[in-house]
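**Student:** No letters, just coordinates:
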């Protein structure tokens, strides 16, 4: 949490408002992410504060607009799809008293949302130790894209699915007792010999090999001849620069869109997985 | 206040704890200064948070010690004398829950101190607009060193004492109807042709001219032949880098300590001035 705060160095009203929200909510069960990149239908956005449990984004408007986000700089990052998320704005180009009033209203709303989730029995207290824990995720029996599931290494992802690996270097892995389903750990952005991309709504992955036309065709032929489903854990860097593998859903080959010209398309067929 | 917060960039637990104090005290009448330099009997110290109205300093201990403070780098700054001040420490090398407990205790104590001052009728609400206002200081009838009196320009200091200046370039000025008292705007650190220094307890100024032995003697002779008292407003930079003139008390020549060899000594004879 302290590292998150330290990242708010650019906008001084952002730092003031965000620290006020965090200290007034005053609940260590609530996770806060500062400077969260989100994919929206027509581009990327950076929100000043994100509360994953509430799917709530807070933006502090300081009277100037964030310029175009350089896609190249953020492509490695953990970009979340935020189509069903709530966005609250705080106008910071006003007096400090008026900023406080707005912040305190947001804080009251956050506390209400948490109370509502608790009544409905769906509040998941934030636990940084368990958040990236294989054992914890296994104990829950299933994972959902909406639950922000991520592990620190691809070996841990393998182990979540029943392996006992110390390390894992390859970009895919089998799943014990599941001959038709594999794990896949792609970088979902152009890298080295691969053009990779995930759609803004997270439902389609586009992939082809840049090495040569022959290699591109070979990959496509192989995918057509196989019929694996892939549980995708994309390799990303979290907001503090640490690598992690984020669950993106289960995908299978889109045999209609895939072609030698366009490359391979994978379509999302499930947003959860039960062990 | 937001600029103050933005200065806490080095230590992440400092930022966390300080923002928690400020947002939990939640009182715009209370002034906070981050990174206040203080003169102590045996050197300088930097405190993480300073509440001038309560003469309270808060230090966030992150498990490593602040190195020796480079006197050369801070000599222009607004260094306060903190001999009668209170210092509270927060141990930040513990869990976040334990940091919160300590911070919340400090917050409760701050609120109690404010309540006590209010009962005693001595609480001066912070008002940034009035803080450096000539009219406001005049309306109060007197100034005290302990009230942290400072103005933005030497012309404003002159006007506080009855002049009507638009600007003022000299390092001293008369006071209307006070033939024996003058205003003095020294830099209280070695600068250009002058060796100037104020003692850590703020009660003695040591001054001599570095230009030549003849000039040094000339200054001493002139001071011996005159017998002015000086209302001292030292030229300093505040914590945000802005120049201001800080009231340091009324001084007169120390005729015992002053000599051709040692230079001029001024001793503090009053810590207040009534207009």
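**Tutor:** Noted; the coordinates are in hand. Not measured: the values here are computed from a predicted model.
**Student:** Going by C-alpha atoms from here, please, whenever you check contacts or count neighbours.
**Tutor:** Fine.
**Student:** ok, residues contacting stretch A:134-151?
**Tutor:** Here stretch A:134-151 makes contact (Cα atoms under 8 Å, 6 or more residues apart in numbering or on different chains) with A:52, A:130-133, A:156-157, A:159-160, A:233, A:244-249, A:271-275.
**Student:** change it to 10 Å
**Tutor:** Here stretch A:134-151 makes contact (Cα atoms under 10 Å, 6 or more residues apart in numbering or on different chains) with A:52-53, A:55, A:78, A:80-81, A:124, A:129-133, A:152, A:156-162, A:202, A:233-236, A:238, A:243-250, A:270-275.
**Student:** now these: which count as buried?
**Tutor:** Buried members of the contacts of stretch A:134-151, counted by 16 or more other Cα atoms under 10 Å in any protein chain shown: A:52-53, A:78, A:80-81, A:132-133, A:152, A:156-161, A:202, A:233-236, A:238, A:243-250, A:271-272.
**Student:** Please list the members of these that lie in strands.
**Tutor:** Taking DSSP state E, the ones among these that sit in strands are A:80-81, A:233-236, A:243-250, A:272.
**Student:** Spell out whether stretch A:88-104 and chain B are in contact.
**Tutor:** Yes: legend: contact between stretch A:88-104 and chain B by Cα under 10 Å from any Cα of the partner chain is shown at A:96-97, A:100.
**Student:** Least confident of the residues you listed?
**Tutor:** Across the set of the residues of stretch A:88-104 next to chain B, residue A:96 stands lowest in pLDDT, at 89.
**Student:** how close does it get to residue B:21?
**Tutor:** Plainly put, residue A:96 is 17 Å away from residue B:21 if you go by Cα to Cα, to the nearest Å.
**Student:** So the two - more neighbours on which side?
**Tutor:** residue B:21 (23 against 16; other Cα atoms under 10 Å in any protein chain shown).
**Student:** my guess is the more buried one contacts residue B:110, does it?
**Tutor:** Yes: at 9.2 Å, residue B:21 counts as touching residue B:110 under the criterion of Cα atoms under 10 Å.
**Student:** Find residues that contact each of the two.
**Tutor:** residue B:104.
**Student:** dump the residue contacts of the nearest residue to residue A:184 once chain neighbours are set aside.
**Tutor:** Nearest non-adjacent residue to residue A:184, counting by Cα to Cα, 6 or more residues apart in numbering or on different chains: residue A:172, 4.3 Å away. Going by Cα under 10 Å, 6+ apart, residue A:172 touches A:154, A:158, A:182-186, A:230-233.
**Student:** switch to 6 Å and redo it
**Tutor:** Going by Cα atoms under 6 Å, 6 or more residues apart in numbering or on different chains, residue A:172 touches A:183-185.
**Student:** For chain A, just list every one of the helices.
**Tutor:** When assigned using DSSP state H, the helices of chain A occupy the ranges A:2-6, A:12-25, A:71-74, A:96-120, A:128-131, A:134-140, A:154-160, A:213-225.
**Student:** mind listing what the residue positioned nearest the centre of chain A touches?
**Tutor:** In chain A, the residue lying closest to the centroid (Cα atoms, centre = their mean) is residue A:80, at 3.9 Å. Residue A:80 sits next to A:38-39 when contact means Cα under 6 Å, 6+ apart.
**Student:** rerun at 10 Å
**Tutor:** Counting by Cα under 10 Å, 6+ apart, residue A:80 touches A:36-40, A:44, A:146, A:148, A:200-202, A:246, A:248.
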